[in-house]
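Trainee: give me coordinates for this.
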Amino acid sequence: PFWMFCFLVLTAVTFSLFGFILGIWAKNFQQLQVVPLLVITPLTFLGGAFYSINMLPPFWQTVTLFNPIVYLISGFRWSFYGVADVHLAVSVGMTSLFMFACLIYIAWIFITGYRLRE
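Mentor: Below is the predicted model of the structure:
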């Protein structure tokens, strides 16, 4: 339960920060829906949510490791079942890296005033 709660908080904070970035970037509601609809949803389905990435051929396993959602799903799977496609430390590290990248980008938004002063 501890690791499940940690992944839950880490994932929630990361997606909240990413949503903030999308909210600043989007000019209208249609543009706001483009990224979740055309990027996040396919990455979730292709990230091993319904299958283990170990079932894929070696080439596609390597390609799948470039999907950031794989690390979220693998961490949650490990916290529930004790089985993961990616090592737990790698999952925590990659999710934290994505969170810090969002934080740095938001800091840049506030420093430069990108789309805040319009």
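Trainee: got the end-to-end distance for stretch 82-94?
Mentor: 19 Å (CA to CA, to the nearest Å).
Trainee: I meant stretch 21-34, not that one.
Mentor: Start-to-end, stretch 21-34 (CA to CA) is 13 Å.
Trainee: tell me which residues in it are buried?
Mentor: Neighbour counts over stretch 21-34 (16 or more other CB atoms under 10 Å) mark 21-22 as buried. Quick note: C-beta positions are derived from backbone N, CA and C, even for glycine.
Trainee: what do you get for stretch 82-95?
Mentor: Buried residues in stretch 82-95 (16+ other CB under 10 Å): 84-86, 91-92, 94-95.
Trainee: can you tell me how far the nearest residue to Cys102 once chain neighbours are set aside is from Leu116?
Mentor: Closest residue in space to Cys102, ignoring its immediate chain neighbours: Leu17 at 3.7 Å, by CB to CB, 6 or more residues apart in numbering. From Leu17 across to Leu116, the span is 16 Å (CB to CB, to the nearest Å).
Trainee: who has more neighbours, those two?
Mentor: Between Leu17 and Leu116, Leu17 has the larger neighbour count (other CB atoms under 10 Å), namely 18 against 9.
Trainee: ok so, going back, wait, which of the buried residues of stretch 82-95 is closest to Leu22?
Mentor: Taking CB to CB as the measure, Thr95 is the one of the buried residues of stretch 82-95 closest to Leu22, at 18.1 Å.
Trainee: so for the helix or strand harbouring the closest one, mean pLDDT?
Mentor: Using DSSP states H and E, Thr95 maps to helix 88-112. Helix 88-112 shows a mean pLDDT of 95.
Trainee: and for stretch 2-9?
Mentor: What stretch 2-9 shows for mean pLDDT is 92.
Trainee: return the distance of it from the chain's centre.
Mentor: 15 Å (CA atoms, centre = their mean, to the nearest Å).
Trainee: number the residues from 12 up from this point.
Mentor: I'll keep to 12 as the first residue from here, and by that count the last item is stretch 13-20.
Trainee: what's in contact with that stretch?
Mentor: 83, 86-87, 89-91, 99, 102-103, 106 (CB atoms under 8 Å, 6 or more residues apart in numbering).
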